[in-house]
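Enquirer: Sequence and computational prediction follow.
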Amino acid sequence: MRGQLAGRVVLLPAAAAAALLSGSLLLGLDRHDAARQLWTIALWMLGLAVVGRTVVGMVRGRFAADLVAALAIVAAILLQQPFAGLIIVLMQTGGEGLEHYAEHRASAAVRALEAEAPRIAHRLLGPGQIEDVPVGVIAVGDRLLVRPGEMIPCDGVVQGGRSQVDTSRLTGEALPLVAESGTMVSSGALNVDGSLELEVRAPAAASLYARIVELVRTAQASKAPMQRLADRFAVWFTPVTLVVCAVAWLASRDPLRVLAVLVVATPCPLILATPVAIIGGINRAARRQIIVRTGGALEALASANVVVFDKTGTLTVGRPEVSGVTALAPLSADELLGFVGAVEQSSGHLLARSLVDAAHARGLTLAQAHGIKESSGRGVSGEVAGRRIAVGGLSYIQELAPTAAASLRSLHDDGAALRAYVAIDGNAAGSVGFADQIRPNAAGVVARLRALGFGHVVLLSGDRAENVAAVAGETGIEEMGHDLLPEDKVRRIAQLAQGGRKVLMVGDGTNDAPALSSAAVGLALAAHGGGIAAEAADVVLLIDDLDRVPEAVEIGRRTLRIARQSIWVGLGLSAAAMVLAAAGYLVPAIGALLQETIDVAVILNALRAVRGIERRPYQEHGLSRPANERFRYAA
């Protein structure tokens with residue numbers, strides 16, 4: 001269907017241009033009758049197609065810029081002025097072609113979400129008995145086996161096994177959940193490294209992942225289509241044109257004068273200026289690694305006045321990193337980190353990678369560890385340089401070295417809520433704290449958006465209150481929400497949109513997809529793939545740079561400003577030409593050529609949108625660039 005629409009959009013202006021060119025060649029060969037016949041046939045075929053679409057639009061309640069063009073085409077047919085009529089067809093369909101080019105493609109978020117949903121579940125029938133069944137037949141109370149690497153198909157409670165569960169798709173939080181007996185797990189989460197047995201508490205159709213799919217679907221279906229900029233101007237320009245036509249007819253009773261007025265009044269500045277400027281703005285944004293899916297998205301971006309941020313992966317880096325090393329004498333912090341990094345090298349745990357990266361960042365050479373034993377989600381132990389190293393949570397250290405655990409429990413807390421404790425040869429050796437990191441430019445981006453007129457900046461997160469408050473305080477955000485599910489974010493965005501406000505939502509994870517879809521314009525950070533969030537968003541950043549958010553707003557606003565300038569100049573020139581035509585100083589054919597000249601001027605002005613804008617320094621907004629320091633908070 002989309003391919004047929006694209007073909008029709010390209011075919012009509014191409015056919016009109018070919019007919020005009022062929023007729024002009026016939027005129028050059030002194031075959032005037034043949035040229036006129038060709039133009040007449042082409043006008044009937046192409047013009048009536050344009051008129052038919054306009055009538056259908058009017059029946060559906062769309063009072064748009066196309067109406068004057070349709071009237072001009074009908075008048076040209078009735079008054080046997082095929083050349084002027086074909087010029088109008090070319091301008092009208094050419095503008096639609098430009099709009100179609102600018103619109104790109106619709107979001108495939110729902111299809112992508114549904115494609116990633118699990119299809120098969122392993123139902124436990126008894127000891128050693130497992131059957132694979134479609135997830136749709138799973139009922140509440142069934143017991144399921146979820147193997148490592150599989151997505152959890154239904155909401156349920158763990159009855160057996162122990163594993164780490166990656167919930168980042170649902171909550172946006174990078175830290176895995178340690179799932180053991182009694183832990184509630186949600187559909188859509190990824191089971192990482194151990195098998196789990198769970199009892200189903202909600203069927204797949206009513207589980208959390210299915211609710212996310214439905215939220216995205218509902219948000220896209222209910223999102224009001226954006227009225228074209230051209231149509232907003234047409235609301236008053238079209239009636240003015242009809243009044244001038246009536247005056248010309250009453251004053252002269254000459255139908256050709258009415259046609260001449262319609263020809264020069266055909267709102268080509270409305271038809272052409274906006275798509276040309278928007279194409280320029282979209283191309284300009286793309287050169288800055290900002291992908292704007294549609295012209296409507298660019299218009300919404302320019303008009304947004306409320307911004308909502310997700311926390312993890314958006315205002316923060318999204319990965320827990322080492323925030324501090326506490327070593328007990330006689331060890332130094334580097335020595336402790338070296339031992340820890342050595343035993344963690346072979347682990348695939350998220351925190352293990354952070355520990356190894358921190359050791360490498362300090363220039364440490366990690367020794368080879370032997371006799372590695374890992375307890376899923378709890379800790380790891382091994383031998384390094386003849387010494388027995390144990391790293392993990394307090395419960396893990398308690399099992400291996402009870403005396404060391406008692407000492408470690410009393411260690412000074414430097415503020416990190418997540419900590420790995422270390423015992424060496426059964427003695428307390430120290431601890432390593434972890435924290436997510438606020439992006440260095442986050443506070444500056446928030447301040448820059450405020451300077452651009454975003455008086456309402458909100459932080460919405462599924463994380464704990466204390467973590468959200470820490471990020472909000474450091475970035476200067478006064479309004480926040482915490483412990484939010486995806487549907488909670490959608491509800492908050494709907495509340496913020498009341499009173500005609502336009503919400504810009506900035507996020508990066510699957511859990512943000514419904515909010516990105518429901519906002520007036522959703523912007524996804526997709527430098528690391530983006531996935532569902534990128535599909536659900538209207539604007540996608542291909543580079544992991546939060547500074548591009550205010551830059552995208554600036555590009556959108558500049559583009560719309562140029563489009564409006566082009567429209568006003570074009571309509572002013574058209575109005576002057578209408579007066580001349582109504583007074584009898586312009587015949588339809590000359591009026592069509594004059595309108596083409598106006599179009600060229602409009603297009604040249606609109607093309608300014610493709611040119612770059614200077615990166616505005618923070619000082620222009622009364623700001624000072626923030627120091628390149630990271631604020632550490634409890635993850």
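Expert: Cool, the structure landed.
Enquirer: use CA for all of it now, contacts and neighbours both
Expert: Noted.
Enquirer: L90: which element?
Expert: Using DSSP states H and E, L90 falls within helix 82-103.
Enquirer: and what of D33?
Expert: helix 32-42.
Enquirer: just to revisit the earlier point, I'd like the mean pLDDT over the helix holding L90, please.
Expert: Averaging pLDDT along helix 82-103 gives 66.
Enquirer: Just the mean pLDDT for the lengthiest strand in the chain, thanks.
Expert: In the chain, taking DSSP state E as the definition, the longest strand is strand 427-435. Averaged across strand 427-435, the pLDDT comes to 87.
Enquirer: in the next helix or strand after that strand, what counts as buried?
Expert: As assigned by DSSP H and E, the chain's next helix or strand after strand 427-435 is helix 442-451. Residues 442-451 are the ones in helix 442-451 that count as buried (16 or more other CA atoms under 10 Å).
Enquirer: hang on, G156 packs against G182?
Expert: No - counting by CA atoms under 8 Å, G182 is not a contact partner of G156; they are 9.5 Å apart.
Enquirer: So between those two, which is more surrounded?
Expert: Set side by side, G156 and G182 show more neighbours around G156, with 26 against 13, by other CA atoms under 10 Å.
Enquirer: Quick one: residues contacting the more buried one.
Expert: 184-186, 198-202 (CA atoms under 8 Å, 6 or more residues apart in numbering).
Enquirer: all helices of the stretch 251-400 of the chain, in order?
Expert: 255-265, 268-287, 295-303, 333-344, 350-361, 394-400 (DSSP state H, counting those that start in this stretch).
Enquirer: what about stretch 503-519, start to end distance?
Expert: 6 Å (CA to CA, to the nearest Å).
Enquirer: In a markdown table: the helices of the stretch 251-400 of the chain, plus mean pLDDT, mean neighbour count and distance to V133.
Expert: As requested, those are exported to a markdown table (pLDDT from 0 to 100; neighbours: other CA atoms under 10 Å; distance: least, CA to CA, whole Å):
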| stretch | mean pLDDT | mean neighbour count | distance to V133 |
| --- | --- | --- | --- |
| helix 255-265 | 81 | 29 | 66 |
| helix 268-287 | 73 | 26 | 45 |
| helix 295-303 | 85 | 23 | 42 |
| helix 333-344 | 91 | 24 | 38 |
| helix 350-361 | 85 | 19 | 32 |
| helix 394-400 | 85 | 18 | 37 |
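Enquirer: What about A251, how many residues nearby?
Expert: Count around A251 with other CA under 10 Å applied: 12.
Enquirer: Roughly how far does it sit from L78?
Expert: 20 Å.
Enquirer: Also A202?
Expert: Taken as CA to CA, the span from A202 to L78 is 67 Å.
Enquirer: Equivalent analysis for V264, please.
Expert: 17 Å.
Enquirer: Check which residues of the longest helix anywhere in the chain are buried.
Expert: Criterion DSSP state H: the longest helix present in the chain is helix 548-582. Across helix 548-582, burial judged by 16+ other CA under 10 Å covers 548-571, 573-575, 577-582.
Enquirer: got it, and stretch 319-333?
Expert: Using 16+ other CA under 10 Å as the test for burial, stretch 319-333 gives 319-327, 333.
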